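In: Sequence unavailable; structure follows:
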């Protein structure tokens, strides 16, 4: 997965989290400013959790591949 695809996935996860938390907050009887602030905080927490999971998965996949062989000193394989 390329770097840009990961960024798009993170942005999509954040946008979905913000939309979902806004929808939830809109049902609560609090001022609109607090609804927006709470929604941003919840979306950021979800995004951090998603980034942590993606990093953990990436780290676990790296460990399965095994170490790369060291290049030869001559530069010729």
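Out: Here it is on my side, so go on. Quick caveat: nothing in here was measured; it's all calculated off a predicted structure.

In: out of all of them, which helix in the protein is the longest?
Out: For the chain, the helix reaching the highest residue count under DSSP state H is reported as helix 32-65.

In: Any stretches of this protein with poor pLDDT?
Out: Flagging of the chain using pLDDT under 70 yields the residue ranges 1-4, 63, 65-67, 75-77.

In: One more pass at 80, please.
Out: Residues of the chain meeting the criterion pLDDT under 80: 1-7, 9-10, 58, 61-77.

In: quick one on the thing from earlier: show me how far the longest helix of the chain is from its chain's centre.
Out: From the chain centre to the centre of helix 32-65 is a distance of 4 Å (CA atoms, centre = their mean, to the nearest Å).

In: Please name the nearest non-neighbouring residue to the residue nearest the centre of the chain.
Out: Most central residue of the chain, judged by C-alpha distance to the mean C-alpha position with CA atoms, centre = their mean, is residue 51 at 3.0 Å. Counting by CB to CB, 6 or more residues apart in numbering, residue 51 lies nearest to residue 10, which is 6.5 Å off, once chain neighbours are set aside. In short, each C-beta sits where N, CA and C put it, glycine included.
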